[in-house]
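Peer 1: I'd like to go over a predicted model; first the sequence, then the structure.
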Amino acid sequence: MSAPHPRRAAVTGIGVVAPNGNSTEAFWKATSEGVVVLDRITREGCEHLPLRVAGQIRDFDPPAAIEERYLVQTDRFTHFAMAAADLALEDAGLSRSDTDADPFSVGVVTAAGSGGGEFGQRELQQLWGKGSRFVGPYQSIAWFYAASTGQISIRRGLKGPCGVVASDEAGGLDALAHAARAVRRGTDVMVAGATEAPLAPYSMVCQLGYEELSTVAEPDRAYRPFTTAACGFVPAEGGAMVVVEAETSARERGVPVRATLAGHAATFTGASRWEQSREGLAQAIRVALDEAGCAPEEIDVVFADALGVPEADRAEALAIADALGPHGTRVPVTAPKTAVGRACGAAPLLDVAAAVLAMEHGVIPPTPNVFDICHDLDLVTARARATEMRTALVLSRGLMGSNAALVLRRGAADAS
Amino acid sequence: MSDRITVEELAELMKKAAGITVAPEELRQQQESGFDAFGLDSLGLLGIVGELENRYGTPMPPDAEKSKSPRQFLALVNSALLAGA
Amino acid sequence: MRRRVAVTGIGIVAPGGIGVPAFWDLLTSGRTATRGITFFDPSGLRSQIAAECDFDPAAHGLDAEEIARSDRYLQFALVAGDEAIRDSGLDLAGENPWRVGVSLGTAVGGTTRLEHDYVLVSDRGQHWDVDHRKAEPHLHRAFTPSTLASAVAERFEARGPVQTVSTGCTSGLDAVGYAFHTIEEGRADVCIAGASDSPISPITMACFDAIKATSPSNDDPAHASRPFDARRNGFVMGEGGAVLVLEELEHARARDAHVYCEIGGYATFGNAYHMTGLTREGLEMARAIEDALGQARLDATAIDYVNAHGSGTQQNDRHETAAVKRALGAHAYDTPMSSIKSMVGHSLGAIGAIEVVACALALARQVVPPTANYETPDPECDLDYVPRVARERRLRSVLSVGSGFGGFQSAVIMTLPRERTE
């Protein structure tokens, strides 16, 4: 087992804005109870599209969460990001005066896959419908993929390393790994994660070309990974930000270490080449376990990517077996995202949040709408399962070919 | 359409172009304050200038977007609108 | 022992010429590649000029299928990637694919195609309810910027860490920086790094019009980009792509590769100030420079050339001058600092990687590229900006800096290979 890094990266705060809850508490309650919120799309301008079901955020009230001006100046994906960052920082006990004490010691990194699509569509309509003079000044800062990192940094006064990775769904895990590396290189705190808002009409049109997208109209049948009825995935919006902090810094501040980011790896096996993703995902798991100094048998729960495409599901089940050996068919596997859908790069962030909370509560959340598993996996289906967990493995794959694995250890490492 | 921008209209423009809510009365009383005191940034002021240019079909003075205070801004745009009327 | 990172291959698509020879020729001649926009009718726009690439993807080896499915910015990256891999002499088939990564930056990704198809599905902006049946087949590839790294990784069969970086106008520097750290930290032995953007489209031109960031010198496009000159009036939009092969130094030496330079250090900080505004002091950029110098184990006085962000906006050039003076002290006055944006324009996310290529070539050839169009000094910009004429100079260590919307301030240091004490 490799020696633990002197500046181990810990999770000390979690902030969630998700279709099943606009706070970490509401998210965990719904997730652990398996409450399904997938529903017919009701967003204006989307009703006629051949994509019927999504995980929409319904009761998020931006003016209650962020200053009013951001409603005009930024896109919905950035509203989510700022709100989630606030929740995460508050959860970590980091106030403005704490971070102001040394602003260069706190950075921001987000993953972004879809950008400010609703804002962009509005300004495109101004340009092409009325003329270039009708494009507003905030288009230059609201549509692009870096908007959320920039706005969080400015709004909270954070001057540490700031970054944006855009590696599709798996990019959400890459953003956390990026944060962990920044911590190891000397930054005390990173606000890291992803939020997305890809459900604007034109953004939806752009996604229709994905063969993996589910077009089934019944919400309870639209997203059923690992079953013979698997028919693709359901898109969603929202996401999570987490506070990633040097364990030493957390100890000095006297805040609990919720989990450590023990190991991560990312590989690439080609866009939509799901059969090859078996090898790529297995390789990512092996390297992540190695970095974590973790034996396969130590994994207590796997949060699966669960794309819902038969070849992809098969590849994932085989990858888990390839990388974890006999333990792969015994370890509990779950995919709570069947309740909420997949929000591009933010999808694995919800899994990371759920994994940390699952280990804290000793409860594996279920995989709603999924039964009759056609793979050799111990999938936690209808109801949550109570069990003691110390180590979780979170998996993610992107439609453009990325695979990533993240190993999370519960609590402070030196407590084990 | 009036050829003068009132404090009330400026307050509406701040709301529309930059999402800043300020009561006209407050704006009137604090006309000497910097726009930043109301939370309006340089992009917001550019947006207000653009909105006026589109509305009146005439360019605003180049210094309008650099105005520091509501009073300065109103003086500049109103002199331009008066000259153009 | 610390792993060192070498640049062993370079490829470039830039305005004024495709490929390294044409690019270097433009940079050292002091000519400019800025002109009136030809891609669409720019009338009605405040800024109607840009640095466009005369680029024929078929002439550079892309087949009809690749051209059809790839946005222009992807085509740039594929062509630049081909040149870089060829130049490196690397036999990718002989590499462990899990140890080959990709790190590519883009600020606006597939925006040009997104706009093109938006016009189709909305009946030219007439409807919020867009008609999906009018969209073209490859639109989904424009939706997410991760297509960039994905397309390049597929072409070169990289299977290691593959990521797109999208930090606005520092994307190119940051992508090279991430690749540097990826190899340094042992997560890959080879990394295909760089950036690409093709933002010359109505929506991107219009959004910079709205904030008056671009130059309105429509009557004199060749002299419109005037970094550090007192009469500068905004940046000139550009496009292009640059790809570098980054390689662990011992890996490169083991195969007797030509090493252009090493990447010595990289850092980035946020200014936490304003999405588009810059401070007068440049504290955060100075901090990035100091951090990068620390990684490279160099004193500020070791820097022989600064490749500036030098966009040609009033505030940028002032900010950057202040930052460089803060980080390099009195040595800043003895150090040439130039902006190639005077010649190739500002290609948003791509330009940082294009500037890293310019630095690698400057080190290899011991020549400092000039700042074209520089004539009238600005009292607030009082450094040696290498006016108009390229300059021979002994170069061992060079610095490239960048600023981006969102407050990103980045710095990369490149050095000639040398024996460092560990």
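Peer 2: That came through fine.

Peer 1: any low-confidence regions in chain A?
Peer 2: Chain A contains residues with pLDDT under 70 at A:1-6, A:413-416.

Peer 1: Is whatever residue of the stretch 51-200 of chain A ends up closest to chain B part of a helix or strand, or is it coil?
Peer 2: Of all residues in the stretch 51-200 of chain A, residue A:72 sits closest to chain B, at 3.1 Å by Cβ to the nearest Cβ. Every C-beta, even on glycine, is put in place using the N, C-alpha and C of the backbone. Following DSSP: H, G, I helix; E, B strand; the rest coil, residue A:72 is assigned to helix.

Peer 1: That one touches residue B:14, doesn't it?
Peer 2: No. Contact criterion Cβ atoms under 8 Å: residue A:72 and residue B:14 do not qualify, at 10.0 Å.

Peer 1: Spit out the contact partners of the residue in the stretch 1-150 of chain C positioned nearest to chain B.
Peer 2: Closest residue of the stretch 1-150 of chain C to chain B, Cβ to the nearest Cβ: residue C:46 (10.6 Å). Taking Cβ atoms under 8 Å, 6 or more residues apart in numbering or on different chains as the criterion, residue C:46 is in contact with C:209, C:212, C:214, C:216.

Peer 1: Need the buried ones from these selected in PyMOL.
Peer 2: Per 16 or more other Cβ atoms under 10 Å in any protein chain shown, the buried members of the contacts of residue C:46 correspond to this PyMOL selection:
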select buried, chain C and resi 209+212+214
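
Peer 1: wait, which of the contacts of residue C:46 is closest to chain B?
Peer 2: residue C:212 (6.8 Å).

Peer 1: on that earlier part again, what's the local residue count around the residue nearest to the residue of the stretch 51-200 of chain A closest to chain B when sequence neighbours are not counted?
Peer 2: Nearest residue to residue A:72 in three dimensions, chain neighbours excluded: residue B:19, at 3.1 Å (Cβ to Cβ, 6 or more residues apart in numbering or on different chains). Residue B:19 has 21 neighbours, counted by other Cβ atoms under 10 Å in any protein chain shown.

Peer 1: What is the longest helix of the chain by residue count?
Peer 2: Picked chain A for this. helix A:274-292 (DSSP state H).

Peer 1: Chain C was what I was after
Peer 2: When chain C is parsed with DSSP H, its longest helix is helix C:72-88.

Peer 1: Around chain C, which positions in chain B sit nearby?
Peer 2: Within chain B, the positions near chain C by Cβ under 8 Å from any Cβ of the partner chain are B:41, B:42, B:43, B:46, B:47, B:50, B:65.

Peer 1: Could I get the contacting residues of residue A:43?
Peer 2: Counted by Cβ under 8 Å, 6+ apart, residue A:43 has contacts A:56, A:199, A:200, A:201.

Peer 1: Go again with 6 Å.
Peer 2: Shown in contact with residue A:43 (Cβ atoms under 6 Å, 6 or more residues apart in numbering or on different chains): residue A:199.

Peer 1: now the one 3 residues further on
Peer 2: When contacts are counted by Cβ under 6 Å, 6+ apart, residue A:46 is found next to A:201, A:204.

Peer 1: sec struct for it, please.
Peer 2: Applying three-state DSSP: residue A:46 is coil.

Peer 1: For residue C:115, see how far away it is.
Peer 2: Distance, residue A:46 to residue C:115, by Cβ to Cβ, to the nearest Å: 20 Å.

Peer 1: just residue C:182 next, same as before
Peer 2: Residue C:182 is 33 Å from residue C:115, where distance means Cβ to Cβ.

Peer 1: Residue C:102 now?
Peer 2: For residue C:102, the distance to residue C:115 - Cβ to Cβ - is 26 Å.

Peer 1: same thing with residue C:233?
Peer 2: Note on residue C:233: its distance to residue C:115, by Cβ to Cβ, is 26 Å.
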